[in-house]
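Undergrad: Fold the following for me, if possible:
(chains A and B)
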Amino acid sequence: MVRFLLAALVTTGAALSIFEVRTPHGIDFVQQNSPTSSKYLIETMGGGVALFDYNNDGRLDVLLVNSGSLAPSMQLPAGFRRSLPQYWNRLYRQEADGTFTDVTRAAGLAHAGDNNYGMGVAIGDYDNDGYEDIYITNYGKNSLLHNNRDGTFTDVTGKAGVAGGGWSASAGFFDYDNDGHLDLFVTRYLQWSPAESKVCGGEYHTYCTPGTFPATSNILYHNNGDGTFTDVSQASGIAAKPGRSLGVAFNDYDGDGFQDIFVANDGMEEFLFHNNGNGTFTERAQEAGVALTDDGSPYAGMGVDFRDYDNDGKPDILVTNLAKQIYALYHNDGDGSFSYRSLQTGLATLSAGSSGWGVGLVDFDNDGWKDMVVAQSHVMDNVEMINPAMHYKEPPLFALNHQGRFERADSGTAAPVAGRGAAFGDLNHDGSIDVVMSVLGAAPEVFYNRGNRSHWLTLTMAGTRSNRDGIGARVVVNGQTQTVTTAGSYLSASDKRVHFGLGDAAQASVEVFWPSGVHQVLKDVSADQFLTVEEPRRP
Amino acid sequence: MIHLCLFLAMAAQQPAAEVVQHMQAGISAEKQSRHDAAIAEFRQAAQLQPDLTAAYVDLGMVYMGQHDYAEAIPPLKRAVGLDPGIAAAQEMLGYALLSQGYAAEAVPHLQTAGNQGMLGLAELQTGDLVNAIVHLQASLAQHPNDPELLSALARAAGVLSRETKDTLLETHPESGQAHQAVAADYQALQKNTDAETEYRKALAIQPDLPGAHLELGEMYQASQQWQKAEEEYRAEAILKPGSAEAAYRLGNSLLQNGKVPAAVTELRRADALQPDMPETLFALGKAESLDGKPLDAEKDWKRLLNLEKDTDLAEKTHFALAGLYRKLGKAANAEQEMKAFQQIKAQRKD
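TA: Residues are numbered from 1 along each chain as shown, chains lettered A, B, ... in the order given. Here you go, the predicted structure:
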């Protein structure tokens, strides 16, 4: 029967999608966003997802941030009910056979979301002990969960001083001062509360636009290296720019050796915080040409990725937004400024009618060019009533990168869903990158990459002088450039390993520019392997 | 003025002294806003001299001032019966009749009075849509942006359009034009799938149906289906090589679809067909900028800014020029353009 089907596919010329979309055995999560008639804006914004190996068994595990219980006309204090298991965040451990086991309770995470409405997740080994730690963002207080190296986590938020407050969205670990300790950036969306909530749209009864509520500041925490952090938002200049921030990604856009920050704002100018190298940042989005579209219009920035899509060695910026706005792709011109390239790259055609959240520029077909997956859905769950040409639920966008121009490809599913977060990593260890996408009100979708014959190389960076994860290291493989990060996308954290598609090349040359300043070269590295690259220790 | 006319008309009728006294008392009472007294005096005058036109006109005028159109009608009818040449009486009677819903009866009086706006309103109510549109447009030329006239003209044009479509559908239900008309209705209702079906039927019947490709392209554009829009605009541009709009829309869709050199060619053609169209110049500058022709882009955007000073398009153009100058290393020019952008943006926000 299978042979018959394959023969039929061959004779009809039908091509299989690169992805097989399925929910793996053991993952029984449903994103409980609890939509209400009060149209609380938080209920359409959640959906964090993380891919990381929490127990160092070599297999990626999955963390899904749940939203919580809401009721119409809630009063402060909100007291979001999270005690019922259906509202818990969930940690799924991947077993050797590719199935997953829910270890939420055993890991001590069952009540990690209590009294908060869940949003996103950041992953990083903040204490350099070789085990990944978790930071959960919420509407309410955020949580830092220290990995105890025995399969359990301890909430160290109070001790670390990173609870934040208000409405936090995406967050990410990075080492902004190259001191070898991962710092933490937390975006915050709006000054909003259930009591101040409004319903907009007149007879259509919709969520309000972000401009309805005051902007708020983002938070930068400096890692003191002793398990505590210091809020340096004011001192660093970050707090001077209030935003309506949802997405964040890091990279060194001007090659000065310090990680810069791009913040996706909703309905206003985007932020590009240039790292001055002295603990302060200067917001330069406007002069760098990444604040607005090419005709000066703001858009609803949500998800973001900060990677080199055209293999010129310089990180570019991709921001997802709402239908009719066109996802914004800014090409890094290498002179400290960017050019808006949504039209030339074909992205305008692909995204004009869609709304995007989680996003990744990742080489899915291992041809050496970073492709694109976007979790899609409009923010309004009744948008069809206002404009039948727009849709609340959409299938994800998958586009292949043909030497800098993107063309739509079969994502493996045409089913429309309310996609939100998206995390990227090689779940099944086959040398091809997979995707986990969170879906409001439903189970997550897992895109297993079927792979192909192209070669690949996946590197685990092990910092010794730099931070242990090697986050911020610039890695150049056969002319392609990647920067190690777990941040980006929307509310999500991806596998820290860096993956390179090598096409026909069976060998690779590897250059690593560590945050410590160490330059490391590996020659004649065999393709098709997972390789750990340890930073040379001090002599 | 009207009182002077009436005074002269009254003088010609040589009324008795008692009648004159009542008329003067009525006018005096009306000036003091003693409307009931004025009405009583004018009625006395009319009783004493039943053919005294001025008495009826003044009486009607008092009622009109009180917005009591029902009471105004009988004396004004009597007045125009006695002297059809008094335009003010004709106008007041026409207005009073129209206010009370007697639109057909009002029409000849408004025609005599020469009040085009009021006449158009009356004709709209009687269903004489063609004349209504003519007269409302004439009146709008005298009173631009009058809300009542604009609203009436919109209604008249809408009803005429609907009636014309009904006639088309009744008389030629399977014509390309009929399907095109139905498609436009579906499109207005945001039923794009049905609209698309009807446009396809229309084009199957008459492949060169005027405007059908353009309308279909606009529908695709509105729903952000730019590739389909490009196909339709291309078909329209082939059918109408002299149409600047078709060329602009094709060029703009090519630009949206990332076909930059082709967009430049098409937008330049649009510009040649109809120079100084701001939308064309903006898109052309954008295409030229993306195509590595910054000086051409600068020239075309400058042309646009000569045409538009404080519009949305001018705002966007200043921003685009700022980006272009930044890339050209002209920091001072870039700063100047950013200032202009921010200034217009702030003005438009206010």
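
Undergrad: so, in contact with chain B or not, stretch A:288-307?
TA: Yes. Using C-beta under 8 Å from any C-beta of the partner chain, stretch A:288-307 reaches chain B at A:289, A:292, A:294-297. From N, CA and C alone the C-beta is placed, and that goes for glycine too.

Undergrad: Okay, buried residues for that stretch please.
TA: A:288-296, A:298-307 (16 or more other C-beta atoms under 10 Å in any protein chain shown).

Undergrad: Among the residues of stretch A:288-307 next to chain B, which ones are in strands?
TA: Of the residues of stretch A:288-307 next to chain B, none are assigned to strands by DSSP state E.

Undergrad: so of the buried residues of stretch A:288-307, which ones are in helices?
TA: Within those, residues falling in helices by DSSP state H are A:Ala288.

Undergrad: So which residues on chain B come close to chain A?
TA: So chain B meets chain A at B:190-192, B:222-227, B:255-258, B:260, B:282, B:286, B:290, B:315-316, B:318-320, B:323, B:326-327, B:338, B:341, B:345 (C-beta under 8 Å from any C-beta).

Undergrad: Show me how to select, in PyMOL, the buried members of the residues you listed.
TA: Restricted to buried positions by 16+ other C-beta under 10 Å, the PyMOL selection for those reads:
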select buried, chain B and resi 190+192+223+224+225+226+255+256+257+258+260+282+286+290+315+316+318+319+320+323+326+327+338+341+345
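
Undergrad: Now go through the residues of chain B next to chain A and say which are in helices.
TA: Cross-referencing the residues of chain B next to chain A against helices under DSSP H gives B:192, B:222, B:226-227, B:255-256, B:260, B:282, B:286, B:290, B:315-316, B:318-320, B:323, B:326-327, B:338, B:341, B:345.

Undergrad: Close to chain B: what parts of the stretch 201-350 of chain A are there?
TA: Contact residues, the stretch 201-350 of chain A versus chain B (C-beta under 8 Å from any C-beta): A:286-287, A:289, A:292, A:294-297, A:323-324, A:333, A:337, A:339-340, A:343-349.

Undergrad: mind redoing it with 10 Å?
TA: Contact residues, the stretch 201-350 of chain A versus chain B (C-beta under 10 Å from any C-beta of the partner chain): A:286-289, A:292-297, A:323-326, A:333, A:335, A:337-350.

Undergrad: Turn the buried ones among those into a named ChimeraX selection, would you?
TA: To isolate the buried members of these in ChimeraX, using 16+ other C-beta under 10 Å:
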select /A:286,287,288,289,292,293,294,295,296,323,324,325,326,337,338,339,340,341,342,343,344,345,346,347,348,349,350
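
Undergrad: Can you give me the end-to-end span of stretch A:189-209?
TA: Length of stretch A:189-209, first residue to last, C-alpha to C-alpha, to the nearest Å: 12 Å.

Undergrad: residues of that stretch that come out buried?
TA: Buried residues in stretch A:189-209, counted by 16+ other C-beta under 10 Å: A:189-190, A:192-194, A:197, A:201, A:206-209.

Undergrad: Is it possible to get these out as CSV so that each row also shows pLDDT and secondary structure?
TA: Shown next, in CSV, are the buried residues of stretch A:189-209 (pLDDT from 0 to 100; DSSP: H, G, I helix; E, B strand; the rest coil):
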residue, pLDDT, secondary structure
A:Tyr189, 97, coil
A:Leu190, 95, coil
A:Trp192, 92, coil
A:Ser193, 88, coil
A:Pro194, 86, helix
A:Ser197, 88, coil
A:Gly201, 86, coil
A:Thr206, 91, strand
A:Tyr207, 92, coil
A:Cys208, 91, coil
A:Thr209, 91, coil
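
Undergrad: between those residues, which is closest to A:Arg81?
TA: For A:Arg81, the nearest member of the buried residues of stretch A:189-209 is A:Pro194. The distance, counting by C-beta to C-beta, is 13.3 Å.

Undergrad: Could you report the pLDDT at A:His111?
TA: In this model, A:His111 is scored at 89, pLDDT.

Undergrad: Please look at it and A:Phe153 and confirm they touch.
TA: No. If you go by C-beta atoms under 10 Å, A:His111 and A:Phe153 don't touch, sitting 11.5 Å apart.

Undergrad: which of the two has more neighbours?
TA: Using other C-beta atoms under 10 Å in any protein chain shown as the criterion, A:His111 and A:Phe153 rank with A:Phe153 on top: 21 against 14.

Undergrad: check contacts around the more buried one.
TA: Each residue near A:Phe153 by C-beta atoms under 10 Å, 6 or more residues apart in numbering or on different chains is listed here: A:54, A:91, A:107-109, A:112, A:131, A:133-134, A:143-147.

Undergrad: Try it again at 6 Å.
TA: Neighbour list for A:Phe153: A:107-108, A:145, A:147 [criterion: C-beta atoms under 6 Å, 6 or more residues apart in numbering or on different chains].

Undergrad: Using CSV, please lay out the residues you listed together with neighbour count and secondary structure.
TA: Output for these, formatted as CSV (neighbours: other C-beta atoms under 10 Å in any protein chain shown; DSSP: H, G, I helix; E, B strand; the rest coil):
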residue, neighbour count, secondary structure
A:Ala107, 24, coil
A:Gly108, 17, coil
A:Leu145, 24, strand
A:Asn147, 24, strand
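
Undergrad: nearest spatial neighbour of the residue of the stretch 251-350 of chain B found nearest chain A, skipping sequence neighbours?
TA: Per C-beta to the nearest C-beta, B:Phe319 is where the stretch 251-350 of chain B lies closest to chain A, at 3.1 Å. Excluding the flanking residues, the one nearest B:Phe319 by C-beta to C-beta, 6 or more residues apart in numbering or on different chains is A:Gly296, at 3.1 Å.
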